[in-house]
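*Asks:* Take a look and give me a structure for this.
(chains A and B)
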Amino acid sequence: GESVGLHLPTLSVQEGDNSIINCAYSNSASDYFIWYKQESGKGPQFIIDIRSNMDKRQGQRVTVLLNKTVKHLSLQIAATQPGDSAVYFCAESMNSGYSTLTFGKGTMLLVSP
Amino acid sequence: GAVVSQHPSRVICKSGTSVKIECRSLDFQATTMFWYRQFPKQSLMLMATSNEGSKATYEQGVEKDKFLINHASLTLSTLTVTSAHPEDSSFYICSATGQPEETQYFGPGTRLLVL
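*Replies:* The predicted structure follows:
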């Protein structure tokens, strides 16, 4: 991944709100995308993935949207909870998890009660 | 999802010593494992990719003689930081993928502090 500055983009929301975290990816040839959640001091946790032949995929309380035209990926979290507070990373790959992942810079989500 | 473990979770060592970090896939066979390094408030930086039974492929700028990677079985990969120095202090995270999993699942990370 590329190096970034010391200040992560931060999204602050109230408990119960819907959150939208955005990501611009770099490689138009990427065809597999993943969202990870990373809590402080822990490894990234898989949230949801999507392939390039889809533009939307839903999980439990989460939805990933893919816009290949503008190389944009978003993660929507419904009814955000304090436990959702973490850094969220998008990652792109040429094929699947077997291939090298390129991580985005990350967004910190802060949920206040 | 699949479970990946790392050991130790935290290690403090003296400068010049070597440190070994283990990464295990607990409920699937990991044909490919990846090692990442992460500095505070930064994204993950891929160090190397290892396939079971093969030599690891290192990313540009990562010294293969300093960061020794062994992937001797389908459930275990090790990263050895040789002759560690304070600048090697970081958060090291492994990930694994393999049948039937398609995506990469990450371990909990190892915090290395070199004094």
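*Asks:* Can you tell me the strand partners of the helix or strand bottoming out on mean pLDDT in chain A and which way each runs?
*Replies:* Each helix and strand of chain A was given a mean pLDDT (mean pLDDT, DSSP states H and E); the minimum falls on strand A:102-103 at a mean of 92. Note on strand A:102-103: by DSSP bridges, its sheet partners are strand A:86-93 (antiparallel).
*Asks:* Do a quick rundown of the strands in chain B.
*Replies:* Taking DSSP state E to define them, one finds strands in chain B at B:4-7, B:10-13, B:19-25, B:32-38, B:45-51, B:57-58, B:67-73, B:76-81, B:90-97, B:105-106, B:110-114.
*Asks:* The last one: partners in the sheet, and parallel or antiparallel?
*Replies:* Partner strands and pairing direction for strand B:110-114 (DSSP bridges) are strand B:10-13 (parallel), strand B:90-97 (antiparallel).
*Asks:* Using PDB, list the CA coordinates for that strand.
*Replies:* Output in PDB follows, covering the C-alpha atoms of strand B:110-114 (Å, rounded to 0.1, in the frame of the first residue of the first chain):
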ATOM      1  CA  THR B 110       1.800  -9.000  16.400                       C
ATOM      2  CA  ARG B 111       3.100  -5.900  18.000                       C
ATOM      3  CA  LEU B 112       6.900  -5.900  17.800                       C
ATOM      4  CA  LEU B 113       8.900  -3.400  19.900                       C
ATOM      5  CA  VAL B 114      12.700  -3.400  19.500                       C
END
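*Asks:* ok, B:Phe67 - contacts?
*Replies:* If a contact means C-beta atoms under 8 Å, 6 or more residues apart in numbering or on different chains, then B:Phe67 has B:35, B:47-48, B:58, B:79-82 as its contacts. Placement of C-beta: from N, CA and C, glycine included.
*Asks:* Across the sheet, point out what pairs with it.
*Replies:* Applying DSSP bridges to B:Phe67 gives these bridge partners: B:Val81.
*Asks:* So it versus A:Glu15, what's the distance?
*Replies:* Distance of B:Phe67 to A:Glu15, computed by C-beta to C-beta, to the nearest Å: 42 Å.
*Asks:* How about A:Phe103?
*Replies:* Relative to A:Glu15, A:Phe103 is positioned 28 Å away (C-beta to C-beta).
*Asks:* Pick out whichever of these two has more residues nearby.
*Replies:* Neighbours were counted for A:Phe103 and for A:Glu15 using other C-beta atoms under 10 Å in any protein chain shown; A:Phe103 has more, 22 against 14.
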